[in-house]
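# 3D, please:
(4 chains)
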2 protein chains.
Amino acid sequence: MSNPLHDQNGLTEKEFLQRYNPETFDRLAVSVDTVVFSIDSRIQTQNYRKLDEQKLTVLLVKRNEHPYLGRWSLPGGFVGSQETLDQAAQRVLHDKTGLDNVYIEQLYTFGHPGRDPRMRIISVAYLALIDRSQYRLMNVDTQKITDLSWCEIDFPKNDPLRLRIGDEELPSQIAFDHATLIREGLLRLRNKIDYTDIVFNLMPEQFTITHLQQIFEIIGGEKLLAPVFRRKIACKITPTGEYTQERGHRPSQLYVYRRP
Amino acid sequence: MSNPLHDQNGLTEKEFLQRYNPETFDRLAVSVDTVVFSIDSRIQTQNYRKLDEQKLTVLLVKRNEHPYLGRWSLPGGFVGSQETLDQAAQRVLHDKTGLDNVYIEQLYTFGHPGRDPRMRIISVAYLALIDRSQYRLMNVDTQKITDLSWCEIDFPKNDPLRLRIGDEELPSQIAFDHATLIREGLLRLRNKIDYTDIVFNLMPEQFTITHLQQIFEIIGGEKLLAPVFRRKIACKITPTGEYTQERGHRPSQLYVYRRP
DNA sequence: CAAATAGTGTCTATAAGACAGTATCGA
DNA sequence: TCGATACTGTCTTATAGACACTATTTG
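Model prediction:
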C-alpha cells in the first residue's frame, strides 16, 4: 500500500509516515465495557412444591479504585494498542470476571465529554450473553470473587428499567454512564430476540419450552400466549425425548437448540 | 460526584484525580467517518419520452494528503476533546462537504490495528441520509467542490456490493477500510427501512408512491409488488391532491410524509 | 378425585402474495 | 384507437391471536 504520489509538501507516503507525529492531536483514551446478561434460574421449594422463578441479570463489578470507588460498574478496561476491539472486550472480560470465549457483539460507542472525570474516555460498549451455569466467576486481577455480583433486572414494556442487588435498588449507585449502557443492551436484546437466535446463548444445553418462553417474556417485557410461542419456536429447537422430573404435574419435554 | 472514600493508596477521589496522568496509556486517536447516502433522481429524455432512473449514491471525498493520497474516502476527521461523538460527526461532515444539520445515526466502531498506517485510529462510523436537492456541496476546508463525488451503488440481495463513479468501478480505489463501512451502512439501511421511517430523510418534500417504491427496491435489493407496497406505506403518507405532469400516461399523485 | 402445569386443536382476524382489472394521460 | 404508467379490487394463502380442550403427574 505504498503510494509514490507526492503531496502538497512534496512528500511520498513513506516519507510522510516517517515524519508523522501522533502527539499533534488531543489526548483521548478508548475503553471497552461489556454488558453481560445471564438468566438466574432459582428453584425455590414452597409448601412441598417446586417454584422456579427466572430472573434476567447483568454482571457488575465493585470498583476498587477512583473514580466511583466502591460503586458498581460494568466490567471494562482500556484497549491495548495491538488488539482489535473484539479482542480487547474478550481480554478485559476475562481479567475482570474470569469469563472466557463468550458470545459478544458490539453495542454502541459512548463518548460524551465528562462521562469520566479522569480524562476524555470513549467507551465502546459490548453486549455479552452467557449460560451462567457453565462458568465460574473470578476477578482475575484481584483474585477475589466478592467484588462481582449479578444484578437483577426488571424492565416491563413501557416502564422504566429497575436494577436490584438483593434488596438494594441501585440505579443511582452505578458508576459512570453504565446504567445507560445496560439499558441500551436490554433494548438491543429485546429487539434482536425476535429475528435472531441470540437468546440460545443464554440457555443451558437442554431446556423446556416453558422455560424458554419465560425468558422471552422477561426480555420482551410482556406475557406471551403459549400456543403462539410454541408454533413460532418449533422450527428452532429439536425434542430430545427426555423429560423433566417435576412433581405435581405433567412432566415437560426437554429440547435442544437446532442450529440453522 | 466527589467521593470522600480513600483508596488503597489512601487518596480521596479529588486527590486521585489531581495526580492522574493520562500519559500512562497507549496513544490512540478517535475519528468519525460518515457514510452519506442520497438518491440520484436523474431524468433522461429518450425517444420523446421521459425516463427517470433512481440511483442510490454515497458521498466520497478525494484525499488530498497521505495516506491514500488521491484515493476516494468517506468524509471523516478526528474527534475534538470538547465535543460529543454526534457533534464531531456533524462538524466534520460540514467541514468536508458543506452539509449541515442532516439526519445522522451511529453505525459501528471500527478499530482493527493497522487499518490506518499512521497510528492506531479507532473510527466511529456514522450513517447520514439526505435529500440531495436541498443541499449544495462544498469542501469547506479546501473551498473546492471538485474533490467531492457521488458514487453510485448497486447492491442486489444475495449479490456483492458494487461501487461506481461514472464508468469507473472503484472498490479497490477506496481508502482505508471505508468500503466495509459503506457496506455496513447499506445493511443497516436495508434492515431499518422496514420498521422505521428513516427512508423519508432521503425523500424530497413531495413524492409519488412509485418513486418511493423504487427507492425501497434499490435499498432492499429486490423488486416489490405495487399493491402490497401501497397497502403497507399508506399509513405513513398523506396525499396532497397535486399531481405530476408526466407525459404519455396517467399522472401520479404527490404525497408527503406524515410524521407519527 | 382435584390441582397444577404441559401441550394440542381449531376458529377467527389480519396481513401478505398474486394478478387481473380499471383509470388517465399523450400521440 | 394504442401504449404507457397509475391505481384498485379481490381471491388465495399464511400467520397471529384467542381460547377451549386434552394429557400427565402428585397428593
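
# Buried residues in the longest helix along chain A, which are they?
Using DSSP state H to assign secondary structure, the helix with the most residues in chain A is helix A:178-192. Of the residues in helix A:178-192, those buried by neighbour count under the rule 16 or more other CB atoms under 10 Å in any protein chain shown are A:178-186, A:188-190. The way it works is simple: take the backbone N, C-alpha and C, and place the C-beta from them, glycine included.

# from those, which single one is nearest DNA strand D?
A:R190 (15.3 Å; CB to the nearest atom of the strand).

# how many neighbours does the closest residue to A:R183 other than its chain neighbours have?
The shortest distance from A:R183 to any residue other than its chain neighbours is 5.2 Å, reached at A:L161 (CB to CB, 6 or more residues apart in numbering or on different chains). The burial count assigned to A:L161 is 16, neighbours taken as other CB atoms under 10 Å in any protein chain shown.

# so A:L161 touches A:E184, yeah?
No. Because the distance of 10.4 Å does not satisfy CB atoms under 8 Å, A:L161 is recorded as not touching A:E184.

# what about A:I104, how many neighbours?
By the measure other CB under 10 Å, the count of residues near A:I104 is 22.

# A:Y257 pairs with what?
Counting by DSSP bridges, A:Y257 is bridged to A:I237.

# Can you check the pLDDT for it?
We have a pLDDT of 98 for A:Y257.

# show me the contacts for it.
Neighbour list for A:Y257: A:197, A:200, A:203, A:236-238 [criterion: CB atoms under 8 Å, 6 or more residues apart in numbering or on different chains].

# And A:V61, by the same measure?
A:72-75, A:96-97, A:139, A:147-148.

# between the residues you listed, which is nearest A:S172?
Of all the contacts of A:V61, A:W72 has the smallest distance to A:S172: 10.5 Å, by CB to CB.

# Now the buried members of the contacts of A:Y257.
Buried subset of the contacts of A:Y257 (neighbour count, 16+ other CB under 10 Å): A:200, A:203, A:237.

# Which residue, neighbours along the chain excluded, lies closest to A:D131?
Take A:D131 and drop its neighbours on the chain: the residue closest to it by CB to CB, 6+ apart is A:P204, 5.3 Å away.

# What separation do you get for the one you found and A:L224?
Here the distance between A:P204 and A:L224 works out to 21 Å (CB to CB, to the nearest Å).

# Please name the residues that touch the spatially closest residue to A:L129 that is not a sequence neighbour.
Counting by CB to CB, 6+ apart, A:N201 is the residue found nearest to A:L129 once chain neighbours are left out, at 3.8 Å. With contacts defined as CB under 8 Å, 6+ apart, the neighbours of A:N201 are A:102-103, A:129-131.

# does A:N201 sit in a helix, a strand or a coil?
Here A:N201 takes the helix state, with states given by DSSP: H, G, I helix; E, B strand; the rest coil.

# Wondering if the strand or helix carrying A:I233 reaches DNA strand C at all.
Secondary-structure assignment from DSSP states H and E places A:I233 in helix A:226-233. Yes. Judged by CB under 7 Å from any atom of the strand, helix A:226-233 comes into contact with DNA strand C at A:226-227, A:230.

# Adding pLDDT, neighbour count and distance to DNA strand D as columns, could you present the residues you listed in TSV?
Conversion of these to TSV gives the following (pLDDT from 0 to 100; neighbours: other CB atoms under 10 Å in any protein chain shown; distance: CB to the nearest atom of the strand, whole Å):
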residue	pLDDT	neighbour count	distance to DNA strand D
A:A226	97	11	7
A:P227	97	8	3
A:R230	97	15	9
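
# C-terminal to the longest helix of chain A, what's the next element?
Downstream of helix A:178-192, the next assigned helix or strand under DSSP H and E is helix A:209-220.

# Other residues contacting that following helix?
So helix A:209-220 is in contact with A:39, A:41, A:54-56, A:157, A:186, A:189-190, A:193, A:199, A:202-203, A:223-224, A:226, A:229-230, A:233, A:237, A:252-253, A:255, going by CB under 8 Å, 6+ apart.

# Quote the end-to-end distance of stretch A:231-241.
19 Å (CA to CA, to the nearest Å).

# Reduced to three states, what does the one residue in chain A that gets nearest to DNA strand D come out as?
For chain A, the residue closest to DNA strand D is A:R250, as judged by CB to the nearest atom of the strand, at 2.9 Å. Reducing the assignment at A:R250 to three states with three-state DSSP gives coil.

# What about it? Give its phi and psi, please.
For A:R250, the backbone dihedrals are phi -60, psi 130 (criterion: degrees, to the nearest 10).

# how many neighbours does it have?
The local packing count at A:R250 equals 8, with neighbours defined by other CB under 10 Å.

# what's the answer for A:C235, then?
When neighbours are counted by other CB under 10 Å, A:C235 registers 8.

# Next one: it from A:R258, what distance?
Counting by CB to CB, the separation of A:C235 from A:R258 is 8 Å.

# that older thread, what separation do you get for the residue nearest to A:D131 and A:Q253?
Computed with CB to CB, the distance linking A:P204 and A:Q253 is 15 Å.

# Please pull out the lowest mean pLDDT helix or strand from chain A.
Scoring the helices and strands of chain A by mean pLDDT, DSSP states H and E places helix A:13-19 at the bottom, with a mean of 69.

# on that earlier part again, tell me the pLDDT at the residue of chain A closest to DNA strand D?
Value for A:R250, per-residue pLDDT: 93.

# tell me the angle of the longest strand seen in chain A relative to helix A:209-220?
Identified as the longest strand of chain A according to DSSP state E is strand A:29-46. With axes from the mean of the first three to the mean of the last three CA atoms, to 10 degrees applied, the angle from strand A:29-46 to helix A:209-220 works out at 140 degrees.

# Now do the next helix or strand after strand A:29-46 against strand A:29-46, angle only.
In the C-terminal direction, the helix or strand that comes right after strand A:29-46 (DSSP H and E) is strand A:49-62. Taking the same axes, to 10 degrees, one finds that strand A:49-62 is oriented at 160 degrees with respect to strand A:29-46.
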